[in-house]
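A.B. asks: predicted structure and sequence below. I'll ask about it afterward.
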Amino acid sequence: MKLIILDRDGVINVDSEEFVKTAGEWIDVPGSIDAIARLTRAGWTVCVATNQSGLARGLFDVATLEAMHDKMRSMIEQAGGRLGMIVYCPHGPDDGCDCRKPLSGLFKQISEYYGVPLDGVPTVGDSLRDLQAGAALGCQPYLVRTGKGRKTATQALPERTQIFDDLAAVTEHLLDNKA
């Protein structure tokens, strides 16, 4: 199984300091939807692992989050792709859960669901915590310069992190190298 795990905000859609609170505010990063479709057509299973503390903060409810994810899935399907599992952490930063990135609970859910180890599985994020969550389980971290990525690139990154402009560039790399 060729599996890839993506962060959502800042990688697939435009991030906001004010949080993405509605399906209308969910706007794709240029090239991200087509990148996911290309990965799907090349036999990849594309999953999303995302912190969604807006739920704990009362900024939106689960139905609204599902509407955002339905919009994302629909756009990907219209582009000829398919999205696998979406897992999210609904907790706030101080809730003490094991699923909020940089902890690896979301990644463990994906691993258990598909019954595969995550050694070498690409994970794409725009923040240090995205990369740390996957790297802790052996994922190959890819940082994109979209979202918070340019700022993140100035920090100490997990070992073996590769940096690309956006998800489309990561996809191009993976498909060119038959990863």
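C.D. replies: Right, received. Where do you want to start? Residues are numbered from 1 along each chain as shown.

A.B. asks: okay, CA-based contacts and neighbour counts for the rest of this
C.D. replies: Noted.

A.B. asks: can you give me the strands for this structure?
C.D. replies: Applying DSSP state E to the chain gives strands spanning 2-6, 44-51, 86-89, 122-125, 140-144, 162-164.

A.B. asks: and of those strands, who's closest to Pro30?
C.D. replies: Among the strands of the chain, strand 140-144 comes nearest to Pro30, with 12.9 Å by C-alpha to C-alpha.

A.B. asks: hang on, the earlier thing: reformat the strands of the chain into JSON lines and put mean neighbour count next to each item.
C.D. replies: Putting these into JSON lines (neighbours: other C-alpha atoms under 10 Å) gives the following:
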{"stretch": "strand 2-6", "mean neighbour count": "21"}
{"stretch": "strand 44-51", "mean neighbour count": "22"}
{"stretch": "strand 86-89", "mean neighbour count": "20"}
{"stretch": "strand 122-125", "mean neighbour count": "29"}
{"stretch": "strand 140-144", "mean neighbour count": "26"}
{"stretch": "strand 162-164", "mean neighbour count": "17"}
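
A.B. asks: Throw those into TSV and include mean pLDDT, thanks.
C.D. replies: As requested, the strands of the chain are arranged in TSV below (pLDDT from 0 to 100):
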stretch	mean pLDDT
strand 2-6	98
strand 44-51	98
strand 86-89	98
strand 122-125	98
strand 140-144	98
strand 162-164	98
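
A.B. asks: in a markdown table: those strands, plus distance to Leu175.
C.D. replies: Output for the strands of the chain, formatted as a markdown table (distance: least, C-alpha to C-alpha, whole Å):
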| stretch | distance to Leu175 |
| --- | --- |
| strand 2-6 | 11 |
| strand 44-51 | 10 |
| strand 86-89 | 22 |
| strand 122-125 | 12 |
| strand 140-144 | 14 |
| strand 162-164 | 14 |
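
A.B. asks: nearest to Glu25, out of these?
C.D. replies: strand 44-51 (16.5 Å).

A.B. asks: restricting to C-alpha, output that closest one in CSV.
C.D. replies: Taking Å, rounded to 0.1, in the frame of the first residue of the first chain, the C-alpha atoms of strand 44-51 are listed here in CSV:
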residue,chain,number,x,y,z
TRP,A,44,-1.7,6.2,-3.5
THR,A,45,-4.1,6.2,-0.5
VAL,A,46,-4.3,9.8,0.6
CYS,A,47,-5.3,10.4,4.3
VAL,A,48,-5.7,13.6,6.3
ALA,A,49,-4.6,14.1,10.0
THR,A,50,-5.6,17.5,11.3
ASN,A,51,-5.9,19.4,14.6
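
A.B. asks: what is the neighbour count of the spatially closest residue to Gln132 that is not a sequence neighbour?
C.D. replies: Distance criterion C-alpha to C-alpha, 6 or more residues apart in numbering; nearest residue to Gln132, sequence neighbours excluded, is Pro102 at 5.5 Å. One way to gauge burial is a neighbour count; for Pro102, by other C-alpha atoms under 10 Å, it gives 19.

A.B. asks: that'll do, ta.
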